[in-house]
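Participant: Okay, predicted coordinates and the sequence, questions at the end:
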Amino acid sequence: MALIFGIESTCDETAAAVVQDGWLVRSNVIASQADLHARYRGVVPEIACRAHIENLLPVLREAMAIAHVGWDDIDAIAVAHRPGLIGSLLIGVTAAKTLAWSLGKPLIGVDHVQAHLHSVILRDNDAPSDPPPPTPDPQRPTGPRSTGVPRDLQPTTANPQPATLARETGAPPDPPPFPAVGLVASGGHTALYALNSFDDARIIGSTLDDAVGEAYDKVAAILGQGYPGGPILDRLAAEGDPRAIAFPRSYLQRDSLDFSFSGLKTAVLYHVRGVPSRKSPLPKRDPGRDEPTPPPDAELRNIAAAFQAACIDVILEKLRRAIRRVGARSVLVGGGVSANRGLRNALANLKLPVFLPEPAFCTDNAAMSAGLADAAFARGDFSPLDLDALTDSRLRR
């Protein structure tokens, strides 16, 4: 049995997890910064770095407490060291290297995007209950929304979201049939992979401009909605008519596996605010102050539905092309957009088994990194203590 402790800080989630044997999640704690970045309709790197520093130690401690393990029980330290925001990455990588050195444990660096694909086999622990609360400290009141953990063990910008621990898991899940096509769709990435195994991946397509999750955020801002935009537009789309507006689909060349969503985003902007000209240019807006006026409810729902339908049509076409090229036996989908209900329903139209993460593991988390690291641990494939934080992936075409 291998217990791996994972750390995630590639963007704006500070996360830690303990994973057993590459699939059984003993703990999964996430401190989100969504509230901090909401007014800017996107992640501000400097704000993200400061929040990571505040959240890191409380999140690490709580992940260990929920897992009911001590540091002597941990076999290795895993960290997502690429790709991501360099300042955010450095905080998590430095913490992982410090833990590995001070505890005498192996260090394993993993690719954050590749780890999203491993998330499809993660399962929650079947622990009977959360750990008992520690003895209250009168100098540290827990407050009305406390989880029973002293305040110095809680993230300061958002309540952590530990994984649900009450499900029976039984035997480990069967791995997907390989070779497989992997799709990672999130706010920072839209990429296709050819996989021979979870830790043998080659990128075969990527975004040329906006990632699909970023397009959702920007369209939500155009429509005067909140942040992050994905869940909001998904809910609106369920009540709208996807055929009400003929937004464009960018398929690129006949055999291309790359993505482009900037033209679709611009089409939504022009539909809502009109096509600019020299006499009537689009007004500039301060995303931190100026709030656009939302369209009427019925139109809002139709715009969301038509936009989402355009995104999904492109994703499905690219998946079909990738399946033919790879000769895939299954499809793996990860990333925050994998939680989208419209996309999940559409994936049922593929004629292959489709593997999706449980909702707790769709967005950025540390369990996926710890899980992916299990194969490297079994091989003895460890990272040096001078492991670099990298802004780009090393998975090449």
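Facilitator: Nice, I can see it. Numbering: from 1, shown residues only.

Participant: by contact count, what packs against the helix or strand containing residue 94?
Facilitator: Residue 94 is part of helix 86-103 when elements are defined by DSSP states H and E. Here helix 86-103 touches strand 3-8, helix 45-67, strand 76-82, strand 107-111, going by 3 or more Cβ pairs under 8 Å, 6 or more residues apart in numbering; DSSP states H and E. The way it works is simple: take the backbone N, C-alpha and C, and place the C-beta from them, glycine included.

Participant: so it versus helix 45-67, what angle?
Facilitator: 40 degrees (axes from the mean of the first three to the mean of the last three Cα atoms, to 10 degrees).

Participant: chain center to helix 86-103, what's the gap?
Facilitator: Offset of helix 86-103 from its chain centre (Cα atoms, centre = their mean, to the nearest Å): 20 Å.

Participant: Could the C-alpha coordinates of that helix be exported in CSV?
Facilitator: The C-alpha trace of helix 86-103 is given here as CSV (Å, rounded to 0.1, in the frame of the first residue of the first chain):
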residue,chain,number,x,y,z
ILE,A,86,4.8,30.8,-12.2
GLY,A,87,4.3,32.6,-8.9
SER,A,88,1.6,30.2,-7.8
LEU,A,89,3.6,27.2,-8.9
LEU,A,90,6.7,28.3,-7.0
ILE,A,91,4.8,28.3,-3.7
GLY,A,92,3.5,24.7,-4.0
VAL,A,93,6.8,23.4,-5.4
THR,A,94,8.8,25.0,-2.7
ALA,A,95,6.5,23.5,0.0
ALA,A,96,6.7,20.0,-1.6
LYS,A,97,10.5,20.2,-1.8
THR,A,98,10.8,21.3,1.8
LEU,A,99,8.5,18.5,3.0
ALA,A,100,10.4,15.9,1.0
TRP,A,101,13.8,17.1,2.2
SER,A,102,12.8,17.5,5.9
LEU,A,103,10.9,14.1,6.0
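
Participant: That one - what's its average pLDDT?
Facilitator: Averaging pLDDT along helix 86-103 yields 97.

Participant: got the contact list for that helix?
Facilitator: 5, 7-12, 14, 45-46, 48-49, 52-53, 56, 60, 71, 74, 76-82, 105-107, 109, 385, 387-391 (Cβ atoms under 8 Å, 6 or more residues apart in numbering).

Participant: do stretch 232-252 as well
Facilitator: Residues contacting stretch 232-252 (Cβ under 8 Å, 6+ apart): 208, 216, 219-220, 223, 225-226, 258-261, 263-264, 267-268, 271, 300-310, 313-314, 317-318, 340-342.

Participant: how close does residue 384 get to residue 255?
Facilitator: 40 Å (Cβ to Cβ, to the nearest Å).

Participant: actually residue 247, not the one I typed
Facilitator: Taken as Cβ to Cβ, the span from residue 247 to residue 255 is 23 Å.

Participant: Any stretches of this structure with poor pLDDT?
Facilitator: 126-170, 277-291, 396-397 (pLDDT under 70).

Participant: what ranges do the helices span in it?
Facilitator: Here the chain has its helices, by DSSP state H, at 34-37, 45-67, 86-103, 112-118, 212-222, 229-237, 262-273, 297-326, 341-347, 367-379.

Participant: Of these, which is nearest residue 27?
Facilitator: Set against residue 27 and scored by Cβ to Cβ, these come closest in helix 45-67, at 3.8 Å.

Participant: which residues touch residue 392?
Facilitator: Residue 392 touches 82-83, counting by Cβ under 8 Å, 6+ apart.

Participant: So that it lines up with my notes, have the first residue be 579 from now on.
Facilitator: Let's use 579 as the start, then, which means that last one is residue 970.

Participant: ok so, going back, residue 825 and residue 833: which has the busier surroundings?
Facilitator: Neighbour count, other Cβ atoms under 10 Å: between residue 825 and residue 833, residue 825 has more, with 20 against 8.

Participant: What is the burial count for the nearest residue to the more buried one once chain neighbours are set aside?
Facilitator: Of all residues not flanking residue 825 in the chain, residue 888 sits nearest, at 4.4 Å (Cβ to Cβ, 6 or more residues apart in numbering). A count of nearby residues for residue 888, using other Cβ under 10 Å, gives 23.

Participant: hang on, residue 626 packs against residue 615?
Facilitator: Yes: here residue 626 reaches residue 615: they are 7.5 Å apart, a contact under Cβ atoms under 8 Å.

Participant: The two - which one has more neighbours?
Facilitator: residue 626 (24 against 20).

Participant: Report the contact partners of that one.
Facilitator: 589-590, 611, 614-615, 663, 665-666.

Participant: anything in contact with each of residue 626 and residue 615?
Facilitator: Here residue 626 and residue 615 have residue 590 as joint contacts, going by Cβ under 8 Å, 6+ apart.

Participant: now residue 598: how far from residue 701?
Facilitator: Distance, residue 598 to residue 701, using Cβ to Cβ: 10 Å.

Participant: How many residues are close by the residue nearest to residue 620 when sequence neighbours are not counted?
Facilitator: Excluding the flanking residues, the one nearest residue 620 by Cβ to Cβ, 6+ apart is residue 795, at 6.2 Å. By other Cβ under 10 Å, 25 other residues sit near residue 795.

Participant: how near is residue 795 to residue 875?
Facilitator: To residue 875, residue 795 is 21 Å away according to Cβ to Cβ.

Participant: Could I get the helices and strands packed on helix 664-681 in CSV, plus columns for distance to residue 605?
Facilitator: What follows is these, written out as CSV (distance: least, Cβ to Cβ, whole Å):
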stretch, distance to residue 605
strand 581-586, 9
helix 623-645, 4
strand 654-660, 14
strand 685-689, 18
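
Participant: Residue 765 is nearest to which of these?
Facilitator: Counting by Cβ to Cβ, residue 765 lies closest to helix 623-645 out of those; the figure is 12.6 Å.

Participant: what's the angle from the closest one to strand 581-586?
Facilitator: Helix 623-645 and strand 581-586 are oriented at 160 degrees to each other (the same axes, to 10 degrees).
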